[in-house]
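A.B. asks: here is a sequence with its predicted model. Questions after.
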Amino acid sequence: MFEIKNNELFIDQCSTIELAKKYDTPLYVYSENKIVENLKEIKDAFINKYPNTHAAYACKAFCTLYMCKLMEQEGFWLDVVSGGELYTAIKAGFPMEHIEFNGNNKTRAELELALDNNIGRIVVDNVSELYFLEKLCVEKNTTTKILFRITPNVSADTHEYITTGKKDSKFGIPLDDEIVYPAIKYAIDSEVFDFLGFHFHVGSQLHDNSTHVAALEVILNLLKDTKEKFGYDVKDFNMGGGFGIKYTDADKPIPISEFVDPVMEKLISFCEENNLKMPAVSMEPGRFIVGEAGIQLYTIGNIKEIPGIRTYAAVDGGMTDNVRPGLYGAKYEGLIANKAEEEKDATVYISGKCCESTDIIIKDFKCPQPEFGDILAVFSTGAYGYSMANNYNKNPIPAVVVVKDGESKLIVKRQSYDDMIMNEVL
Ligand code: LLP
């Protein structure tokens, strides 16, 4: 994916310096080949290895028309969590039967959009949604396939803000017997639901499989209990996403197969031992698919030296295009793309341009002496960068470009000042 030639950084045979000139900075750049390579790892480890499986791309990581199209071409499903993501998929012509809808508070309008478009499945997040969705289906004289998102009551070794499987979570149906079993019975008995089964998502940026394996135990019991109590064979099980990627050398991601194999092996043997029908199995990774496939390019502007303390090199973007350092203390690595082979004899803080002291993109960044006009590449920014971009300080959201085999293509135009005030009224 990366190459260094004549002191310049190349991505998929495109010079990052030329990309910065052509499209301006800040800029998001994605390698299509890398995305496809990541999809292949999922196909090899999961979809093609085990029968009756599929993977949905959790498009919250990076939701654009282009990604919807690419996922369709690659045979992936889509996981959406809002009317906006669903609308993007509709506009991209994505097959509706291959969309699943997650979220802890889907609004009436969002659920109506989903039902009107015959969405593939809705992951019901809580009991009140179950009743509300049934009411909507009755009103519309329609039916839908549903899964239950279960909170398996497991903790994950990741940032607290992206842990989702603990009992005290806003996501999912709690495991209490008096809540979960009546809900299952209700869903099975309802005229409007085709009850498929269970879903969990236990956290994000995970570097070991223990949380998935622990959560699976909960699901196995539910499969058995659903059969024993209600005579019902669970048809589907979704293990969520959360597979970690490499941001810096400190991250040691494990291959997808190390998440998948223990889960599948346990599930298969449990079903055999207990005479249960093996459900279809799915997953919904986001970060893994796009994270390492994306970089960001910035232009370095002012350099501020505080003698005896540190040097700040400021870039033309910041927490508006990548909120992760400010929000989670996320760490990134980078390279001055026009000085790619030069000795790294300086240590600086790369600061953003937003009016916020936490707007530091990389701390203690080792690089050649930075100068006004240098191009900075930040790596592994493909997930939750563009998708969490915002207009703080009225900074426009940058453009997005896809590169492949030496060619580049604009897939999202840079926001203009006019775009930002488009909905404002005097
Ligand atoms: N499925 C569900 C129901 C989810 O809530 C999520 C992520 C995923 C799948 C995909 O997780 P992934 O494979 O990408 O880890 N903004 C945060 C990440 C929030 C993740 C929220 N849910 C960040 O920048 O780290």
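C.D. replies: Here it is on my side, so go on.

A.B. asks: what ranges do the helices span in the stretch 251-400 of the chain?
C.D. replies: 256-273, 287-290, 324-328 (DSSP state H, counting those that start in this stretch).

A.B. asks: what sits up against the last one?
C.D. replies: Among residues not part of helix 324-328, those counted as contacts by Cβ atoms under 8 Å, 6 or more residues apart in numbering are 159, 161-162, 319, 330-332, 356, 358-362, 384-385, 388. From N, CA and C alone the C-beta is placed, and that goes for glycine too.

A.B. asks: swap in 10 Å and give it another go.
C.D. replies: Contact partners of helix 324-328, identified using Cβ atoms under 10 Å, 6 or more residues apart in numbering, comprise 158-162, 204-205, 247, 318-319, 330-332, 350, 352, 354, 356-363, 378, 381, 383-385, 388.

A.B. asks: for the stretch 301-426 of the chain, which residue gets nearest to the ligand?
C.D. replies: Closest residue of the stretch 301-426 of the chain to the ligand, Cβ to the nearest ligand atom: Tyr384 (3.1 Å).

A.B. asks: got a list of what the residue of the stretch 51-200 of the chain found nearest the ligand touches?
C.D. replies: Evaluated by Cβ to the nearest ligand atom, the stretch 51-200 of the chain has Ala58 as its residue closest to the ligand, separated by 3.5 Å. The neighbours of Ala58, taking Cβ under 10 Å, 6+ apart as the test, are 78-81, 85, 100, 102, 201, 204, 240-242, 283-290, 383.

A.B. asks: ok, the residue of the stretch 301-426 of the chain closest to the ligand - how many residues close by?
C.D. replies: Here the neighbour count serves as a burial measure; for Tyr384 (other Cβ atoms under 10 Å) it reads 24.

A.B. asks: do the one 10 residues further on as well
C.D. replies: The number of residues packed around Lys394, counting by other Cβ under 10 Å, is 10.

A.B. asks: distance of the nearest residue to it once chain neighbours are set aside relative to Leu327?
C.D. replies: Here the nearest residue to Lys394 in space, its sequence neighbours aside, is Met420; by Cβ to Cβ, 6 or more residues apart in numbering that works out to 5.8 Å. To Leu327, Met420 is 22 Å away according to Cβ to Cβ, to the nearest Å.

A.B. asks: and if you look at Ala313?
C.D. replies: Using Cβ to Cβ, one obtains 22 Å as the distance from Ala313 to Leu327.

A.B. asks: same check on Glu112?
C.D. replies: When Cβ to Cβ is applied, the distance between Glu112 and Leu327 equals 32 Å.

A.B. asks: which residue sits closest to Cys68, ignoring its sequence neighbours?
C.D. replies: On the basis of Cβ to Cβ, 6+ apart, the spatially nearest residue to Cys68 that is not a chain neighbour turns out to be Ala92, at 3.5 Å.

A.B. asks: residues of the protein that sit close to the ligand?
C.D. replies: If contact is defined as Cβ under 6 Å from any ligand atom, the residues of the chain in contact with the ligand are 58, 61, 79, 102, 162, 201, 204-205, 240-243, 284-288, 324, 384.

A.B. asks: out of those, which are inside strands?
C.D. replies: Taking DSSP state E, the ones among the residues of the chain next to the ligand that sit in strands are Ala58, Asp79.

A.B. asks: my guess is Gly329 meets Tyr247, correct?
C.D. replies: No: applying Cβ atoms under 10 Å as the test, Gly329 and Tyr247 come out as separate, 11.5 Å apart.

A.B. asks: make sure Ala293 is actually in contact with Phe62.
C.D. replies: Yes: judged on Cβ under 10 Å, Ala293 makes contact with Phe62 at a distance of 9.0 Å.

A.B. asks: overlap in contacts, the two.
C.D. replies: Tyr30, Ile35, Thr381, Gly382, Ala383.

A.B. asks: neighbour count added to the residues you listed, as a markdown table?
C.D. replies: Supplementary listing: these in a markdown table, determined by neighbours: other Cβ atoms under 10 Å:
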| residue | neighbour count |
| --- | --- |
| Tyr30 | 28 |
| Ile35 | 25 |
| Thr381 | 29 |
| Gly382 | 28 |
| Ala383 | 27 |
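
A.B. asks: how far off centre is the lengthiest strand in the chain?
C.D. replies: In the chain, taking DSSP E as the definition, the longest strand is strand 294-306. Averaged C-alpha coordinates place strand 294-306 at 26 Å from its chain's average position (Cα atoms, centre = their mean, to the nearest Å).

A.B. asks: any idea how far the residue nearest to Ser169 when sequence neighbours are not counted is from Lys145?
C.D. replies: Of all residues not flanking Ser169 in the chain, Thr151 sits nearest, at 5.3 Å (Cβ to Cβ, 6+ apart). According to Cβ to Cβ, Thr151 stands 21 Å off from Lys145.

A.B. asks: the more surrounded of those two?
C.D. replies: Thr151 (25 against 18).

A.B. asks: do I have it right that the more buried one meets Phe198?
C.D. replies: No: applying Cβ under 10 Å as the test, Thr151 and Phe198 come out as separate, 11.2 Å apart.

A.B. asks: what do those two both touch?
C.D. replies: Taking Cβ under 10 Å, 6+ apart as the criterion, Thr151 and Phe198 both touch Gly172, Ile173, Val180, Ala215, Val218.

A.B. asks: for Cys18, which residues are in contact?
C.D. replies: If you look again at residue 18, you'll see it is Glu, not Cys. Contact partners of Glu18, counting by Cβ under 10 Å, 6+ apart, are Glu8, Phe10, Ser408.

A.B. asks: what about 7 Å?
C.D. replies: For Glu18, no residue meets the contact criterion (Cβ atoms under 7 Å, 6 or more residues apart in numbering).

A.B. asks: that one - that's part of a helix, no?
C.D. replies: Yes: Glu18 sits within a helix when classified using DSSP: H, G, I helix; E, B strand; the rest coil.

A.B. asks: before we move on, the earlier item: just the ones of the shared contacts of Thr151 and Phe198 in helices?
C.D. replies: Secondary structure assignment by DSSP state H places Val180, Ala215, Val218 of these in helices.

A.B. asks: turn the residues you listed into a markdown table, columns for distance to Glu139, pLDDT and neighbour count.
C.D. replies: Below are those laid out as a markdown table (distance: Cβ to Cβ, whole Å; pLDDT from 0 to 100; neighbours: other Cβ atoms under 10 Å):
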| residue | distance to Glu139 | pLDDT | neighbour count |
| --- | --- | --- | --- |
| Val180 | 26 | 95 | 21 |
| Ala215 | 35 | 94 | 25 |
| Val218 | 34 | 93 | 18 |
